[in-house]
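**Student:** how does the following fold in three dimensions:
(3 chains)
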Amino acid sequence: MPARALRITLGLLVTLLAASFVIFGAIYAAPGDPAAFLVGGQEDATPEKLAAVRAAYHLDDPLWVQYGDWIGGVLHGDLGRSMQYHDQVADLVSSRVPTTLFLVSYSAVLFVVAGVALGVLSAVRGGRVDGVVVAVTTLLASIPKFVKALALVAFLGVQWGWFPVTGAGEGFGDRLHHLTLPALSLALGELAVVSRVTRQSMLEQYAQDHVAVARAAGLSEFKVIRRHVLRNALAPVVTMCGLITASLFAGTVVVETAFGISGMGSLLVQAINTHDFPVTQAVLLLMVLAYMLVTTLVDLVHPLIDPRVRLEGSAA
Amino acid sequence: MTMVEKANAAAEHRFDHERLLDIEDLTVELPGVGARRPVLDAVRLRVDRGEVVGLVGESGSGKSTAAKAVLRMLPRGARIGGRVGVAGQEVLTLGPGDLRDLRARRVAMVHQDPRSSLNPVRRIGDFLTERLIHTLGRPKAQAYAEALRLLDAVGIVRPAERMRQFPHELSGGMLQRVVIAAALAGDPELLLADEATSALDVTTQAEILAILREHRTRRGLGLLFITHDLHLAAAYCDRVYVMYAGRVVEERTAGQLFEDPRHPYTAGLLACTPELGDPRPIRPIPGRPPSLDDAFPGCPFVARCPVAQTACETWRPVARELDGGGSVMCRRTDLDHPVEMVRA
Amino acid sequence: MTLLQAAVPSVATASPEPAKPKRTWPIPVRIAAGFLLLTAASAILAPLLAPYEPDAIDLNASLAPPDGAHVLGTDQSGRDLLSRVLHGAGPSLVAPLALLALASVIGIALGTLAAWHGGWVDAFVSRVTDVMFAFPGLLFVILIVSVFGDGLTTAVVALALAYSPVVAKYTRSIALAERAKPYIDAYRVQGMGGFAICVRRLVPNLAPSLIGYLVLMFGQVLMGMATLSYLGFGAQPPSSEWGLMVKEGQAALVRGALWPALVPGTAIALVVVAFNVVGVRISDRLGVRER
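**Tutor:** The predicted structure is shown next:
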């Protein structure tokens, strides 16, 4: 078990290192002088400014040293300075992290609850119910997030006025109210996969002998499903939900833009539009970090769901 | 009346030989799967309280289906005819609540493969207490104590420790004891043991058989002991049913059956196993056990029978009562000792 | 559009299973296929079909609801939405096709190389695709866009790079199975070079599966392209690419005018759904294995 955790954590660190190097090294992939690229627009690139950037990024040092300095700074919470806002990137980012985290968690709750419920319904009822679930969720998955976002705004927001159409709100209740439509636009497309995986996994479990044994012991069908079918079907469902939750961070780029929410995703779009590369770097790095932390967490949690993995781990 | 006297009275009441399981003309057909004959064809079977009844046959003879029918665990879409009575209750027409009650309180089943009988992600303790807590509504502490007692009774050492373990941490023999303990939880009146000891080594098998026999004498447990091993059945059971191609072909007391099998198939089964001091060669039954695809206009055993006559091919099998009790489903009741013919 | 038209009939002829009884296509598949053909036709015939010029500004008719003059209404600048959607069909479909073509060239080449060569080449390609899979695709695309600037070409290349590992992984898995078949050895014995076997025998034999897989991917790719345009990183004004149209129509939403955003949004959704319906059917016929 500890060996397994160690292996997973090491894998996380290596991938993070590779990803951060790609993100940092991107300034060298840009055409022209990296200093000019970092400054952003060409017109205000005074020699003094270029020199300042060159010094701040140690652009005259070898690449490895520069990267070392940068990643060292990142580890100390120093994400550089924004070229646009002339502000610490860390301050800029930290004010927006809570909104995005709230949005992602809210959305995760929505798609997990609804997706698993639909999957159970599909597995238990089968036939026509299953067909309807497949058709509706597949349809929802075939509509791009931004179209879903705007359709929700158009109907639930503008037309019927149930939800605010912009901003993130203050305080928990208000925030929930404001972020319902954004969270829905993130979550709806994921119902297809989650309900499919849940259904498939449950059907596999239905066929197991121990389920028939439990039924033969007089357990009610509800308890058979809850204690034996659903419980045993959980492992792939949790893994899939974790992976999807991780990918939601990238989805916030679209949804926050659509709803005018000031979070990490909209910050990324702004930073690209204003050629503010330090901010772009920081947001990308944090999003990749969040993505990988969530996927690693899923890996680490797996033995708790399936005790048989625990055995393999201790044997390894 | 003191508690002890009450218990004794109840025990005595149980011991009167009333019918516990009464299967009459049970016919099960599976129309969906392309079967050309019924899985069970007019099966009659009876288990009294405190009686150990053997059900013997090759795989595919329908013995497991017969046991499952007692719990109404038949495949969806099966066409079922006849009657299955458990202590006077008609199983085939029970409502869902009564059916759960029957499964929880009266009849328990032990399956051949203990490893697939247990939920791999739940602890042994969960498995043992599940029936007690979730269907019989016992308090958790009481169920836990009961489970400990049962584990101890089936000969598991350090039961408290085992309760916390997962199925994959126990050996097959230990798991089968756990499964039997769980089946005995809630004091069922009838236990269906489907090849419950077939996968175990001989010493474990002997221990488990002893445990089951003890329950039978102490509580009047009725036991339907399903096995492919006719010798074991004859040695362990009071009465034995032999099944072939979905039919009960012979039903006798164990002693009669062993001494003087009246159906050529039974005789063939006995001749299959070598016996100490018997110089005659082992005679396997020729041919293969019939599958569901084989339909028979007459006696289903005719193709493999050493004493078959042309008339047997069209003889519609019926059970014939025998003089010393029991019945046989063979046209050649004219033969005195079919077993000699088989061995010859 | 020529690519699409070329691809679909060849799918039918490339099907290697003549043994299967000919079944008629289910009605939803027919409707979806019909809709796609209609979309393709309107993309080509847009100049003839569109009642207005796509960028003819008429400020008097700003945000007009659908009526006789403008069947689907107008946007803020008074441009006719029907005309814009018809004209937008071209770029909206060609850009995803182009990027899918690019992604398949890269992916098929890498996947075949990995499967054929094995050893360290395979290990390297597999490792790279694994790292790419560990990275949310959209973020990778955004990184490229942020470095090379936005615009349709960058977006197409960036998305192609992001999708190529998916193609490479699938190609590798089916190429490995194909490589093990005896006919490959037979060519080798005849003295055919590895490259020639790959290009002239192996990949053509994989074609049915690959086409089925790529058809299934197309819906995703189209959504990806539209999303980039919506974010402002893909097609640029005055194009009437659908993702861009949604972006431009969004401002009118809060003013109660739903058409400018919903008309192109619906167009995207319909095409993706239709492609998925047809794609599942085609890939079933071609026997695409699930990953």
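
**Student:** stretch A:8-17 and chain C, any residue contact?
**Tutor:** Yes. Stretch A:8-17 is in contact with chain C by CB under 8 Å from any CB of the partner chain, via A:Thr15. C-beta coordinates here come from the backbone N, C-alpha and C atoms, glycine included.

**Student:** and that stretch, what's buried?
**Tutor:** Neighbour counts over stretch A:8-17 (16 or more other CB atoms under 10 Å in any protein chain shown) mark A:Ile8, A:Leu12, A:Thr15, A:Leu16 as buried.

**Student:** show me where chain B dips below the pLDDT cut-off.
**Tutor:** In the predicted model, chain B carries pLDDT under 70 at residues B:1-17, B:32-34, B:275-280, B:336-344.

**Student:** for it, which helix is longest?
**Tutor:** Ranked by residue count, the top helix of chain B under DSSP state H comes out as helix B:202-219.

**Student:** between the buried residues of stretch A:8-17, which is nearest chain B?
**Tutor:** A:Ile8 (20.7 Å; CB to the nearest CB).

**Student:** and the gap between that closest one and B:Leu26?
**Tutor:** In this structure, A:Ile8 and B:Leu26 are separated by 55 Å, where distance is defined by CB to CB, to the nearest Å.

**Student:** now swap in B:Tyr144 and tell me
**Tutor:** B:Tyr144 sits at a distance of 39 Å from B:Leu26 (criterion: CB to CB).

**Student:** helix or strand: which one has the residue nearest to C:Ala61 when sequence neighbours are not counted?
**Tutor:** Excluding its sequence neighbours, the residue lying closest to C:Ala61 (CB to CB, 6 or more residues apart in numbering or on different chains) is C:Gly78, at 4.1 Å. Of the helices and strands defined by DSSP states H and E, none includes C:Gly78.

**Student:** surely C:Gly78 is in contact with C:Ser62?
**Tutor:** Yes. With contact defined as CB atoms under 8 Å, C:Gly78 reaches C:Ser62; the gap is 4.7 Å.

**Student:** show me the strands in the stretch 1-150 of chain B, by range?
**Tutor:** Taking DSSP state E, counting those that start in this stretch as the test, the strands found in the stretch 1-150 of chain B are B:19-29, B:40-48, B:52-56, B:79-86, B:89-90, B:107-110.

**Student:** around chain A, pick out the residues from the stretch 151-291 of chain C.
**Tutor:** So the stretch 151-291 of chain C meets chain A at C:219, C:223, C:226-227, C:230-233, C:243, C:246, C:250, C:253-254, C:256, C:258, C:261-262, C:265-266, C:268-269, C:272-273, C:276 (CB under 8 Å from any CB).

**Student:** the strands of the stretch 1-150 of chain B into TSV, with extra columns for mean neighbour count and distance to chain A?
**Tutor:** TSV is the format used below for the strands of the stretch 1-150 of chain B (neighbours: other CB atoms under 10 Å in any protein chain shown; distance: least, CB to the nearest CB, whole Å):
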stretch	mean neighbour count	distance to chain A
strand B:19-29	20	15
strand B:40-48	22	17
strand B:52-56	26	17
strand B:79-86	17	13
strand B:89-90	13	14
strand B:107-110	26	5
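
**Student:** dump those strands to TSV, plus distance to C:Ala101.
**Tutor:** Shown next, in TSV, are the strands of the stretch 1-150 of chain B (distance: least, CB to CB, whole Å):
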stretch	distance to C:Ala101
strand B:19-29	58
strand B:40-48	62
strand B:52-56	67
strand B:79-86	58
strand B:89-90	70
strand B:107-110	61
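
**Student:** A:Leu103 is in contact with A:Ala183, isn't it?
**Tutor:** Yes. Taking contact to mean CB under 8 Å, the distance of 6.0 Å between A:Leu103 and A:Ala183 places them in contact.

**Student:** please identify which of these two sits among more neighbours.
**Tutor:** Relative neighbour count places A:Leu103 above the other of A:Leu103 and A:Ala183, with 28 against 23, counting by other CB atoms under 10 Å in any protein chain shown.

**Student:** quick one: secondary structure of the residue of the stretch 201-344 of chain B found nearest chain C?
**Tutor:** In the stretch 201-344 of chain B, the residue found nearest to chain C is B:Asp293; the distance is 25.8 Å by CB to the nearest CB. Judged by DSSP: H, G, I helix; E, B strand; the rest coil, the three-state class of B:Asp293 is coil.

**Student:** burial check on the closest residue to B:Glu195 other than its chain neighbours, number of neighbours?
**Tutor:** Closest residue to B:Glu195 in three dimensions, ignoring its sequence neighbours and counting by CB to CB, 6+ apart: B:Gln112, at 3.8 Å. By the measure other CB under 10 Å, the count of residues near B:Gln112 is 18.

**Student:** how about the helices in the stretch 101-250 of chain B?
**Tutor:** When secondary structure is read from DSSP state H, counting those that start in this stretch, the stretch 101-250 of chain B shows helices at B:114-117, B:124-130, B:140-153, B:159-163, B:172-184, B:202-219, B:230-236.

**Student:** JSON lines please, covering the ones you listed and showing distance to chain C and mean neighbour count.
**Tutor:** Conversion of the helices of the stretch 101-250 of chain B to JSON lines gives the following (distance: least, CB to the nearest CB, whole Å; neighbours: other CB atoms under 10 Å in any protein chain shown):
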{"stretch": "helix B:114-117", "distance to chain C": "27", "mean neighbour count": "21"}
{"stretch": "helix B:124-130", "distance to chain C": "35", "mean neighbour count": "24"}
{"stretch": "helix B:140-153", "distance to chain C": "43", "mean neighbour count": "17"}
{"stretch": "helix B:159-163", "distance to chain C": "41", "mean neighbour count": "17"}
{"stretch": "helix B:172-184", "distance to chain C": "35", "mean neighbour count": "24"}
{"stretch": "helix B:202-219", "distance to chain C": "44", "mean neighbour count": "15"}
{"stretch": "helix B:230-236", "distance to chain C": "47", "mean neighbour count": "19"}
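
**Student:** ok, the residue of the stretch 151-291 of chain C found nearest chain A - contacts?
**Tutor:** Using CB to the nearest CB, C:Gly265 is the residue of the stretch 151-291 of chain C that sits closest to chain A, at 3.8 Å. C:Gly265 is in contact with A:Ile143, A:Pro144, A:Phe146, A:Val147, A:Leu150, A:Ala151, C:Trp242, C:Val246, counting by CB atoms under 8 Å, 6 or more residues apart in numbering or on different chains.

**Student:** name the member of the residues you listed with the most neighbours.
**Tutor:** Greatest neighbour count in those, by other CB under 10 Å, goes to C:Trp242: 31 neighbours.

**Student:** quick check: which ranges of the stretch 201-316 of chain A have low pLDDT?
**Tutor:** Within the stretch 201-316 of chain A, the ranges that satisfy pLDDT under 70 run A:308-316.

**Student:** what does it put close to chain C?
**Tutor:** Among all residues of the stretch 201-316 of chain A, those adjacent to chain C (criterion: CB under 8 Å from any CB) are A:246-247, A:249-251, A:253-254, A:257-258, A:268-269, A:271-273, A:277, A:280, A:284, A:287-288, A:291-292, A:295.

**Student:** out of those residues, who's near chain B?
**Tutor:** With CB under 8 Å from any CB as the criterion, the subset of those in contact with chain B is empty.

**Student:** mind checking which of these are in helices?
**Tutor:** Using DSSP H, these in helices are A:246-247, A:249-251, A:253-254, A:257-258, A:268-269, A:271-273, A:277, A:280, A:284, A:287-288, A:291-292, A:295.

**Student:** mind checking pLDDT for residue 105?
**Tutor:** You didn't say which chain, so I picked chain A. At A:Ser105, the pLDDT value in this model is 94.

**Student:** ah, I was thinking of chain C
**Tutor:** Residue-level pLDDT assigned to C:Val105 equals 95.

**Student:** that one: how many residues sit nearby?
**Tutor:** Other residues near C:Val105 number 13, with proximity taken as other CB under 10 Å.

**Student:** just checking, next helix/strand downstream of the helix or strand encompassing it?
**Tutor:** With elements delineated by DSSP H and E, C:Val105 resides in helix C:81-117, which encompasses its position. Towards the C-terminus, the helix or strand next in line after helix C:81-117, according to DSSP H and E, is helix C:119-133.
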